[in-house]
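>>> sequence first, then the predicted structure, then my questions.
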Amino acid sequence: MRPRPKVPVSTPETRPPRAPVPVRGIRATVSSVNGLWTFSGWVRTLGTGGMRVESDSPMPPDTEVGIEFLGRVGERAERFSLLGWSVYRDADGVALQFDPATVTHPERLAELVACYLDKPPPAP
């Protein structure tokens, strides 16, 4: 397994935008590359560098994962299949960091994030 690259600590002013995703907006499937953990859950936030997925999975931090999800950009559906790492887990789910080398079409991912940034945040 590859180690998760460390990214600089960010602040709300320096990090790329993270978009809240409406309830039942995007469902992601996350599988560890070693085959020990697999779960599916609703995406709660999405950014160009990662996402947060609702789950009660015990997946530990720094686990290398495959991430698959389908997002709607305007009228077209885009399938995203990337690699990344679990960053941490809390009561709300699992935070995931994307491996930038596996984002084959970063402009499409940025377009998807922008679609959710233009919508109001989901109700609690």
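Right, received. Where do you want to start?
>>> quick one: what helix or strand has the residue nearest the centre of the chain in it?
By Cα atoms, centre = their mean, the chain has its centre lying nearest to M51, at 2.4 Å. Assigned by DSSP states H and E, M51 falls within strand 50-53.
>>> pairing partners for that strand, with directions?
Strand 50-53 has the following sheet partners, assigned by DSSP bridges: strand 38-47 (antiparallel), strand 93-98 (antiparallel).
>>> right, so of these, which gets closest to I67?
strand 93-98 (6.2 Å; Cβ to Cβ). (C-beta placed from N, C-alpha, C; glycine too.)
>>> what sits up against that closest one?
Here strand 93-98 makes contact (Cβ atoms under 8 Å, 6 or more residues apart in numbering) with 4, 7, 30, 39, 41, 44, 48-55, 57, 59, 65, 67, 82-89.
>>> which helices and strands does the following helix or strand past that strand pack with?
Later in the chain than strand 93-98, the nearest helix or strand by DSSP H and E is helix 106-117. Packed against helix 106-117 by the contact rule (3 or more Cβ pairs under 8 Å, 6 or more residues apart in numbering; DSSP states H and E) you find strand 18-20, strand 38-47, strand 64-73, strand 76-90.
>>> in helix 106-117, what's buried?
109, 112-113, 115-116 (16 or more other Cβ atoms under 10 Å).
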